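1. Starting from these lines, generate the structure:
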Amino acid sequence: MAVPSLVLGIGGGTGAGKTTIARRITEGVDSVSVVPLDNYYRERSGVPVEERREINYDHPDAFDWPLVREQLSALCEGRPIEMPQYDFTVHNRTDETVRVEPGEVVVVEGILALYDDDLGGMLDLRLYVETDADVRILRRIRRDVVERGRDLEGVIDQYLSTVKPMHEQFVRPTKAEADLVIPEGANETAVDLLRERVRGVVGSDPPEPFSE
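-> Just a heads-up that it's a prediction; the model follows:
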C-alpha cells in the first residue's frame, strides 16, 4: 500500500474553521484521510460521568498523544488504522472504531494539532487558522448546542472557564510552529493557494517549505 504524498497539520482555536479549510484545500484529491484530534480524547470509562463533565478538555493532558502518534505513524507508513470514536454527550469513547485507510493526503486537525513536537515531526506542512474570537465563540455555541445537545449556559460557562484561557495558554502559542497562518478563517486567497499546492505535490516529491 502506497504511503501518503502529503501530511498536513491544521491547528487553531475552537470554531476557527479548521475542518472547512481541510475539506476545501483537499478538493480534487482522490483519497484523503482525516485524523480529527477530537476523536483522541483519553479513554475514561473508569471515571464517573459527573467527574468527566468537570474535566478540562481544552488542556493538552486531555488527549491521548501516544495513540495519536502511533496511528499517524501507521498512516504515514501506508498502514490502515482503527480510529477511536468519541461520544461528547457522555464525555468518553464509544466501543466502536472506524477503519481509516491511508490516503494520498493525510490531514491532522484540531485545536492542538501543532502542539506536540513528535507529532509535528511527522507533518510536511503546518497550518494555523486564525479567526476573530467573536466568530469562534458563536460557532462553538452553535456546534455544542445544536450538534452535541448541550445547554447554552453550560457551553458559555465552559468557554469562559477553560476554552478561552486554554486558548491563550496552549493553542495560540502553536501559531509560532506554523509554516503558514491563514487569517480570517477560510479566506479565498489562502484556500486557492493551498489547494494548488496540495494538488501540485500529490504523486510527487514532498513540498518545499514556504518562504518567509
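2. residues contacting the residue nearest to Arg140 when sequence neighbours are not counted?
-> What sits nearest to Arg140 in space, not counting adjacent residues and going by Cβ to Cβ, 6 or more residues apart in numbering, is Gly15, at 4.5 Å. All C-beta spots, glycine's among them, are computed from the backbone N, C-alpha and C. Neighbour list for Gly15: 131, 135-140, 143 [criterion: Cβ atoms under 8 Å, 6 or more residues apart in numbering].
3. longest strand anywhere in this structure?
-> strand 92-100 (DSSP state E).
4. picking up where we left off before, gap between the residue nearest to Arg140 and Arg139?
-> Taking Cβ to Cβ, to the nearest Å as the measure, Gly15 falls 3 Å from Arg139.
5. what touches both of those two?
-> Counting by Cβ under 8 Å, 6+ apart, nothing touches both Gly15 and Arg139.
6. circling back: which secondary structure elements does the longest strand of the chain contact?
-> Applying 3 or more Cβ pairs under 8 Å, 6 or more residues apart in numbering; DSSP states H and E, we find strand 92-100 packed against strand 81-87.
7. mind listing what's buried in the strand it packs on?
-> Buried positions in strand 81-87, judged by neighbour count with 16 or more other Cβ atoms under 10 Å: 81, 83-84, 86.
8. What of stretch 92-110?
-> Neighbour count says stretch 92-110 has 92-93, 100, 102-110 buried, by 16+ other Cβ under 10 Å.
9. and those residues as JSON lines, adding distance to Val198?
-> As requested, the buried residues of stretch 92-110 are exported to JSON lines (distance: Cβ to Cβ, whole Å):
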{"residue": "Asn92", "distance to Val198": "34"}
{"residue": "Arg93", "distance to Val198": "31"}
{"residue": "Val100", "distance to Val198": "19"}
{"residue": "Pro102", "distance to Val198": "16"}
{"residue": "Gly103", "distance to Val198": "12"}
{"residue": "Glu104", "distance to Val198": "9"}
{"residue": "Val105", "distance to Val198": "6"}
{"residue": "Val106", "distance to Val198": "11"}
{"residue": "Val107", "distance to Val198": "10"}
{"residue": "Val108", "distance to Val198": "14"}
{"residue": "Glu109", "distance to Val198": "14"}
{"residue": "Gly110", "distance to Val198": "19"}
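10. just those residues now: which is nearest Val181?
-> Lowest distance from Val181 to the buried residues of stretch 92-110 (Cβ to Cβ) belongs to Glu109, with 15.2 Å.
11. and that closest one, bridged to which residues?
-> Ile10, Pro36 (DSSP bridges).
12. Hmm, Ser33 and it touching each other?
-> No - with contact defined as Cβ atoms under 8 Å, Glu109 does not count as touching Ser33 (11.3 Å).
13. contact partners of the helix ranked longest in the chain?
-> Using DSSP state H to define each element, the chain has its longest helix at helix 188-201. Outside of helix 188-201, the residues that reach it under the criterion Cβ under 8 Å, 6+ apart are 5-6, 8, 21, 24-29, 105, 124-125, 127, 180, 182-183, 207.
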